[in-house]
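Enquirer: Everything below, folded, please.
(one chain, ligands or ions: 1)
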Amino acid sequence: MSRLAIDGGQPYRAEPFPRRTPFGDEEVALVTEAIRSQSLFGLGGPKVTALETEFAGLYGVKHAVGSTSGTSAIHIAIGTVNPNPGDEIITAPITDGGSVVPIIYQNCIPIFADVDETYNIDPDDVERNITDRTAAIMVVHLFGNACHMEAMVDIARRHNIPLIEDCSQAHATKYKGRYLGTWGDLAAFSLQQSKHMTTGDGGMTITNRDDWAERMMLFRDKGWTRKPGWGPRTYAFLAPNYRMTELHGAVGLAQVKKVRSVVERRIELGSYLTASIRDIEGITPAPVTPGSEHSYWAYPLRVDGWPVARFAETLTKEGVGAGAFYIGEPIFLCMEALAAKKTFGNSSHPFDGCHGARQIEYTKGMCPRTEDALQHIITLGFHEEYTKKDIEDIAGAIHKVAELLPREV
Ligand SMILES: Cc1ncc(COP(=O)(O)O)c(C=O)c1O
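Expert: Residues are numbered from 1 along each chain as shown. Reported below is the predicted structural model:
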């Protein structure tokens with residue numbers, strides 16, 4: 001314990017952590033069935049349909065539609081709301097580009113509310129950003145921890161604005177006893193490899209609103225109002241093709257049955273890690289929003305008092321993989337489409353004032369609390385197959401680094 005591995009000492013944890021193995025015999029059997037059926041086309045196919053039914057059942061909502069990615073699931077949600085070009089959608093500055101790309105593709109203007117101490121958007125800042133052009137609010141439940149959903153629902157209802165939840169990092173996670181994804185009007189989930197349930201790549205969009213169900217279904221299929229057999233076609237509105245295949249449906253069907261147990265195990269392990277590092281001065285464990293579970297898609301540590309990149313590097317040398325700064329900067333500074341407004345061809349559309357759109361510069365200083373949070377975050381990867389001993393090693397390595405790494409003066 002006397003010397004850090006980065007200085008030539010023994011690493012706290014010598015052996016590698018377990019690799020995540022999310023797929024088993026059930027996935028193999030269902031994929032085999034799908035292939036033997038000789039049709040992998042998902043629309044109306046037995047596997048995708050069963051997955052959509054199970055997914056809707058898990059969340060207790062009436063409608064679910066499978067798609068090709070979280071990005072497409074979010075695009076389906078926004079396309080369902082059907083904003084006008086130049087309308088504004090308020091969302092989170094700490095997220096994946098996939099939350100923002102669909103907003104721009106629907107010719108809307110992303111507006112970023114700042115975060116609070118949970119790393120999720122602050123309801124007060126959301127409300128401050130509402131204008132007569134606000135077409136939707138899209139919250140992102142970062143790392144598996146809920147936004148303040150009661151406040152968000154209240155704001156959305158008072159202003160009569162649709163509320164979308166990006167649950168890509170918060171599958172099967174409860175807030176005040178109800179799953180995230182069921183608080184808003186629509187919710188989108190990524191099924192990408194790293195997510196709590198996965199089909200490698202894939203997405204799901206859900207809603208309880210009957211009036212939006214048809215548009216949501218059609219938006220993943222070019223707006224095509226299919227009729228049985230050959231014949232004249234109608235495409236009811238402009239939409240892409242985001243159809244999920246039977247291969248993905250088969251894997252998803254096996255996964256959806258396990259997702260809550262995956263989440264429960266992550267809650268147990270994440271809470272154990274929090275309890276084990278709670279008393280270290282300068283380390284803030286993952287914040288949990290009051291009333292929420294935290295399903296720990298990743299584990300965020302806040303580090304104050306050490307050079308953050310050095311802390312992460314030192315921890316990694318101790319055998320505990322750690323990344324500094326998460327996405328680095330607020331998402332609008334990570335994306336050329338926003339920071340430089342490089343969008344379609346030589347244009348900056350929709351940031352060119354079209355349709356009376358508000359003109360905005362996406363600059364440093366727009367979301368100061370976000371910048372501060374990102375400058376101090378270290379993310380630790382972990383998953384449901386870790387053991388308690390693995391968590392104890394992570395905690396032990398954090399203690400060791402905190403004790404031995406020189407602090408900033
Ligand atoms: C919060 C969030 N939103 C959206 C996405 C986009 O999902 P996908 O990569 O499946 O398109 C991700 C994926 O990383 C995400 O974490």
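Enquirer: from here on, contacts and neighbour counts on C-alpha atoms
Expert: OK.
Enquirer: Residues of the protein that sit close to the ligand?
Expert: Residues of the chain lying near the ligand by C-alpha under 6 Å from any ligand atom: 69-71, 95-96, 98-99, 140, 166, 168-169, 190-192, 201-202.
Enquirer: ok, and the most crowded of the residues you listed?
Expert: S168 (34 neighbours; other C-alpha atoms under 10 Å).
Enquirer: which SSE is that one in?
Expert: Secondary structure assigned from DSSP states H and E places S168 in neither a helix nor a strand.
Enquirer: That one reaches S190, doesn't it?
Expert: Yes: between S168 and S190 there is a contact under C-alpha atoms under 8 Å: 4.5 Å.
Enquirer: biggest separation within the residues of the chain next to the ligand, which pair?
Expert: Spatial extent of the residues of the chain next to the ligand (C-alpha to C-alpha) is set by the pair V140 and D201 at 18.9 Å.
Enquirer: one step back: please identify every residue contacting each of S168 and S190.
Expert: G70 (C-alpha atoms under 8 Å, 6 or more residues apart in numbering).
Enquirer: Could you report the separation of A322 from E392?
Expert: 15 Å (C-alpha to C-alpha, to the nearest Å).
Enquirer: The two: who's more crowded?
Expert: The neighbour count for A322 versus E392, taken as other C-alpha under 10 Å, is higher for A322 (22 against 16).
Enquirer: was I right about the more buried one contacting L315?
Expert: Yes: counting by C-alpha under 8 Å, A322 does reach L315; the two are 6.5 Å apart.
Enquirer: Mutual contacts of those two, please.
Expert: With C-alpha under 8 Å, 6+ apart as the test, A322 and L315 reach no residue in common.
Enquirer: pretty sure A113 contacts R369?
Expert: No: with contact defined as C-alpha under 8 Å, A113 does not count as touching R369 (10.1 Å).
Enquirer: Who has more neighbours out of the two?
Expert: More crowded of A113 and R369, by other C-alpha under 10 Å: A113, with 27 against 16.
Enquirer: residues in contact with that one?
Expert: I90, T91, A92, P93, I121, D122, D125, V126, N129, C367.
Enquirer: again, only this time at 7 Å
Expert: The contact partners of A113, by C-alpha atoms under 7 Å, 6 or more residues apart in numbering, come to I90, T91, A92, P93, I121, D122, D125, V126, N129.
Enquirer: Greatest separation within the residues you listed: which pair is it?
Expert: P93 and N129 (13.4 Å).
Enquirer: Can you check the distance spanned by stretch 184-203, start to finish?
Expert: For stretch 184-203, the first and last residues are 18 Å from each other (C-alpha to C-alpha).
Enquirer: mind checking pLDDT for the residue of the stretch 101-250 of the chain found nearest the ligand?
Expert: The ligand sits closest to S190 of the stretch 101-250 of the chain, with a gap of 4.2 Å, by C-alpha to the nearest ligand atom. If you check S190, the pLDDT there is 99.
Enquirer: so who does the nearest residue to it once chain neighbours are set aside touch?
Expert: Spatial nearest neighbour of S190, chain neighbours left out: G70 (3.6 Å); criterion: C-alpha to C-alpha, 6 or more residues apart in numbering. For G70, the contacting residues are G98, S168, A188, F189, S190, L191, G202, G203, by C-alpha under 7 Å, 6+ apart.
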